[in-house]
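Undergrad: Structural data only, the sequence is not supplied:
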């Protein structure tokens, strides 16, 4: 019978210890996985968010936004009215007050916003897509990195959007810094410090803080925005068929 | 007359048929009214619950079309599957239409078995309005 020497046993034990240690180091980042809903500070009114502070828009941006607002004012139309997701930064600021779900892996973080089932993918490390291979969109393209216990997400490749609370051009760059805190009741609070820099639309960077409270064992619900229109269309077809 | 009320209400709904999740500016969320009737149609869907109530009151007998908050938000405010069925007598709390016509935006309801779900406070209604407008 082959006997393992004490030196080998020590080395093997050290190797296992180092592997476990490395795995623990790899898992050192906070885990944001779970369902989150808008966090209201104790005593904070639940009332609507209102118009918010005046934005430092450039003159050109003011004109574009004013043209858009004049266009939709008579009908009150919104992108959501056409089942279009909010887009960044509206999505990360809590579209419609609905919750969001985060699924976190070392190389990719998925964020699903219940409203309109908007999805953002934050790529990290080797998963980060080269600039030339990115397509622009309403939620842009997001890459992430860890700065200690803070997740830093940079979003670029956004299309111009005059149709949201924080309108922006296609040159905008949004940086979100996520970290965990404890609320007064000891609950997990996810804090997002957002900075939007856009030399075309803004004279200075815009900063917003959004807080989310963890929903223990929370579940997102399906959100099929187009179902209502489809059912109405079927009713129209049935009515037309009944006339024949 | 009752046919006109129904057609007008349906037209109001279908007029923006391209836009299911439309703005809620036509509803007055500072006011809350109640209406009781028999469920003629009910759809618990997103982004807006759809409801037709057969109502009988001093104005007569007619069908009134309502819409309401998304199923998802109603679920979180207490709604569960099969709580409302055709033929049930229910009471709805609504934000009425600003133009004075019948119908409105359902913010809460009391089911045939007496279960109440939804939101009613002004603050909650303000939040509902934002949700309804997709903000």
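TA: Yep, that arrived. This is a predicted model, so every value here is computed, not measured.
Undergrad: Confirm that residue A:60 sits in a strand.
TA: No. Secondary structure assignment places residue A:60 outside any strand; it is helix (DSSP: H, G, I helix; E, B strand; the rest coil).
Undergrad: How about the secondary structure of the closest residue to it other than its chain neighbours?
TA: Excluding its sequence neighbours, the residue lying closest to residue A:60 (C-beta to C-beta, 6 or more residues apart in numbering or on different chains) is residue A:200, at 7.3 Å. Heads up, the C-betas are built off the backbone N, CA and C, glycines and all. Under three-state DSSP, residue A:200 falls in the coil class.
Undergrad: Then residue B:67?
TA: State at residue B:67, reduced to three classes by three-state DSSP: strand.
Undergrad: Tell me the helix or strand right after the host helix or strand of residue A:63.
TA: When secondary structure is defined using DSSP states H and E, the element that contains residue A:63 is helix A:59-72. Past helix A:59-72, heading to the C-terminal end, the next element that is a helix or strand (DSSP H and E) is strand A:100-104.
Undergrad: burial measure for whichever residue of chain A sits closest to chain B, as a count.
TA: In chain A, the residue that lies nearest chain B is residue A:80 (2.1 Å; C-beta to the nearest C-beta). By the other C-beta atoms under 10 Å in any protein chain shown criterion, the neighbourhood of residue A:80 contains 28 residues.
Undergrad: what's the answer for residue A:203, then?
TA: For residue A:203, the tally of surrounding residues (other C-beta under 10 Å) stands at 13.
Undergrad: What are the contacting residues of the helix holding residue A:63?
TA: Judged by C-beta atoms under 8 Å, 6 or more residues apart in numbering or on different chains, the contacts made with helix A:59-72 from elsewhere in the structure are A:57, A:78, A:162, A:163, A:167, A:169, A:200, A:201, A:202.
Undergrad: Mark which of the residues you listed are buried, thanks.
TA: The neighbour-count test (16 or more other C-beta atoms under 10 Å in any protein chain shown) marks A:57, A:78, A:162, A:163, A:167, A:169, A:201, A:202 as buried among the contacts of helix A:59-72.
Undergrad: The last one bridge partners, please.
TA: On the basis of DSSP bridges, residue A:202 is bridged to residue A:57.
Undergrad: pretty sure it is touching residue A:55, no?
TA: Yes. Using C-beta atoms under 8 Å, residue A:202 and residue A:55 qualify as a contacting pair, with a distance of 7.1 Å.
Undergrad: tell me the mean pLDDT for the helix holding residue A:63?
TA: For helix A:59-72, the mean per-residue pLDDT is 97.
Undergrad: cool, stretch A:106-125 as well?
TA: For stretch A:106-125, the mean pLDDT works out to 96.
Undergrad: Next, see if it gets close to chain B.
TA: Yes. Using C-beta under 8 Å from any C-beta of the partner chain, stretch A:106-125 comes into contact with chain B via A:114, A:115, A:116.
Undergrad: Could you check how many residues crowd around the nearest residue to residue B:48 once chain neighbours are set aside?
TA: Distances taken as C-beta to C-beta, 6+ apart put residue B:67 closest to residue B:48, at 4.4 Å, once the chain neighbours are dropped. By the other C-beta under 10 Å criterion, the neighbourhood of residue B:67 contains 24 residues.
Undergrad: how much space is there between residue B:67 and residue A:228?
TA: Applying C-beta to C-beta, to the nearest Å, the value for residue B:67 to residue A:228 is 9 Å.
Undergrad: same thing with residue A:154?
TA: The value you get for residue A:154 to residue A:228, if C-beta to C-beta is used, is 36 Å.
Undergrad: So which of the two has more stuff around it?
TA: The neighbour comparison of residue A:154 against residue A:228 (other C-beta under 10 Å) goes to residue A:228, with 24 against 16.
Undergrad: right, and that one touches residue B:68 too?
TA: No. Look at residue A:228 against residue B:68 with C-beta under 8 Å: they stay out of range, at 11.7 Å.
Undergrad: Can you pull the residues that touch both of these two?
TA: Between them, residue A:228 and residue B:68 share these contacting residues under C-beta under 8 Å, 6+ apart: B:48, B:50.
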